[in-house]
Structures are given as structure tokens and as C-alpha cells.
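Asker: Take this sequence and fold it.
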Amino acid sequence: MPGRPTFIVIGAPKAGTTALYHYLDAHPEVYMAPVKEALFFRYPPEQHQDGVPDTLKKGAIRSLEAYLALFDGIQQEKAVGEASPQYLHNALAAANIKRTLPGVKIVAILRHPVDRAHSQYLMHVNAGRAPYRPFETFFKEALPHRDAWTAMPYDCYGLARSFYYQGLKRFYDLFPSAQIRVYRSDDLKADPGALLADLYGFLGVESSFRPDLSVPHNMGKGLPRNQAWHRLIVMKSGIKTGMKRLMPAPWRYRLRQWLMQNTHTTKQPLDPQVRDAFFDVYQDDVRQTQRLTGVDLSLWFPQGDTLPK
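Answerer: Numbering: from 1, shown residues only. So this is what the prediction gives:
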């Protein structure tokens, strides 16, 4: 349908959606919405209008007219898409998308659940949304409250985002499986060319195209080297208010980026023993996800464990 998406990348957050967005945007036969995370389908229809008091995320698209305007730049592209990784876990997104775009293709990419949770935890710490303590300590503290994770602060909320089955099931319940393609972030890292060839083919564009794979996307940061400097960067303060008045926005942005790059450690992979120890929390969900999608997730299980197909 002209002027409307033919596919949507629904998640998962911190699993490679930013890289997919850029690799799709690089394809000459693909048009990507200039705004990543439009978030239009996250909210009830009655909130899709200007002037309604609600809790919409700042910058979220509020009206169908504004959403469709994201695609005004379409020329001769064969595939048209957007990427909002929050759709995967949102209770309303699948039904909202089905109601508006029943023929749209759905793309998801999944990451080892503990690695994904660790990555989101670092993001929340670096954004000042969660206090720093070792990830192992945080996970152990959060385990007794597992049933309430989605209602807890950002860091625990992030742990809940590593359960994939229920979110994906909402889409499989509404869309034919032929309209859904699910990938592993492991394959995007190990053989991005093969994954992208399959994805491009799924979307109906030239599958032999290869984007520039040398540029990393949204690699994340390690932990702050100095907590005092970090609080100055991310928290509200009189110093920041004064700088906002005196320094132009582009300069403030460059300064903040320089400080973040030079006051953080290099991101380190999670200890495999920690990953395996905490995987037990997610293993039933992984089994259900494999049965639902048909994607082989056995490589996520600790060595010696088996994953029934």
C-alpha cells in the first residue's frame, strides 16, 4: 500500500535492532522511516491524538497522519519499514499493527537473554536510571521479586525484557507465520552477510546487496570509571543548568559525548559462568520461544544441557 510500511522491526531491545535499522536503510530498494522508535503502535487508539494528557514517551508519534508522514519521502523503494523495538513486549502493539497494517511483515531479532539483560542494565546505569552495583549482585537481589519485574524500576524492568515468548506469541496469534521472520543476534555477529541476504529476500528486495559492515552500531559502553563525574554528566544539577544557558546545544552534545567516551571503561563481555548460572531463569521461556518460532536456540543453553525441539 503506497505511503505505508511493508515491514516493521519489533525488537528485541539491545539485540541488534539499531544495526538492522542501518543495514536496511543502506539498501537502495528499502525506505526506512527517518525516526527510529516512532512508537506509534504502543498506545491505545484514543491516545493517538494531540492534546490528550497521557504518559507517551517524549517524541512518540501521536497521530496516524503524523505516522504516515514519516514515509512521505518514499520514491521507488520496494520495501518500506520502521523499527520500534519496544513493540515486542508491548501488550497493545500487535493488535494495533494488525488493525492498521494487516499485510505488514514482522521482523524480530533475539539475543541470549542474560546477555541482553546485562546490556540493558549497563544502559540504565549509564543513563542514571539505576544505581551501580555488579550485575551479579543486582540479578541476585532481583530474583525474589521476579513476578513483579515489569512493575519495578528500570533495571528490573530490563530483566523482564529478556522473556520473549509472550511478546512473540501475540504476533503469531494475529499474523500468518509466513509474514514473520525471527533471527538470532548471534548470527548477525557471526555472519551478517548471510543473515542480511535472508532478510533482504524476505522483504522482496535484492538479496545480494551488501552494506558497509565495518561501522559498529550502538555498541554500548562499559561502566563509569568515576561515579562523581558520571553523576555530573547524567543527573540534573545547577552546573548543568548554567551550562545550558551559556553553551549552544551542539557544543553541549559534543562535550557530553566526549565525557561519556573518556570517563567509561570499555564494555566487557559477561562472564560465561555468570551467564550460565542465571540462564535457568529464562530456559523455559527459551524452549517455548523455539517451539513457537522454529528458530534453533540450543546454542544459548549451557554445555551439556539439551533443548527439545
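Asker: which helices and strands sit right next to whichever strand or helix holds His124?
Answerer: In this structure, His124 sits in helix 113-126 according to DSSP states H and E. When contacts are defined as 3 or more Cβ pairs under 8 Å, 6 or more residues apart in numbering; DSSP states H and E, helix 113-126 packs onto helix 135-142, helix 154-160, helix 272-279. Every residue, glycine included, has its C-beta placed from N, CA and C.
Asker: Can you tell me which of those is nearest to Leu92?
Answerer: helix 154-160 (16.7 Å; Cβ to Cβ).
Asker: I'd like the distance from that closest one to the chain centre, please.
Answerer: Helix 154-160 sits 13 Å away from the centroid of its parent chain (Cα atoms, centre = their mean, to the nearest Å).
Asker: any idea of the mean pLDDT in that helix?
Answerer: Mean pLDDT, computed over helix 154-160, is 74.
Asker: With stretch 186-193 instead?
Answerer: Stretch 186-193 carries an average pLDDT of 96.
Asker: residues in contact with it?
Answerer: For stretch 186-193, contacts defined as Cβ atoms under 8 Å, 6 or more residues apart in numbering pick out Gly16, Ala19, Leu20, Tyr23, Ile109, Arg111, His112, Ala194, Leu195, Arg210, Leu213, Leu299.
Asker: how far out from the middle of the chain is the helix or strand that contains the second one?
Answerer: The one in question is Ala19. Assigned by DSSP H and E, Ala19 belongs to helix 17-26. Per Cα atoms, centre = their mean, the displacement of helix 17-26 from the mean C-alpha position of its chain is 12 Å.
Asker: Surely Ala15 is in contact with His112?
Answerer: No. Counting by Cβ atoms under 8 Å, Ala15 stays clear of His112, with 9.1 Å between them.
Asker: re earlier: need the CA coordinates for the helix holding Ala19. PDB is fine.
Answerer: The C-alpha trace of helix 17-26 is given here as PDB (Å, rounded to 0.1, in the frame of the first residue of the first chain):
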ATOM      1  CA  THR A  17      17.800  -3.600  16.100                       C
ATOM      2  CA  THR A  18      19.900  -0.500  15.600                       C
ATOM      3  CA  ALA A  19      22.300  -2.400  13.400                       C
ATOM      4  CA  LEU A  20      19.400  -3.800  11.400                       C
ATOM      5  CA  TYR A  21      17.900  -0.400  11.000                       C
ATOM      6  CA  HIS A  22      21.100   1.000   9.500                       C
ATOM      7  CA  TYR A  23      21.700  -2.100   7.300                       C
ATOM      8  CA  LEU A  24      18.200  -1.800   6.000                       C
ATOM      9  CA  ASP A  25      18.400   1.900   5.500                       C
ATOM     10  CA  ALA A  26      21.600   1.400   3.400                       C
END
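Asker: Against which helices or strands is it packed?
Answerer: By 3+ Cβ pairs under 8 Å, 6+ apart, helix 17-26 packs against strand 7-11, strand 30-32, strand 79-83, strand 105-110, helix 192-203.
Asker: Same question for the last one: list its buried residues.
Answerer: Taking 16 or more other Cβ atoms under 10 Å as the neighbour-count basis, helix 192-203 is seen to contain the buried residues Pro192, Leu195, Leu196, Ala197, Leu199, Tyr200, Phe202, Leu203.
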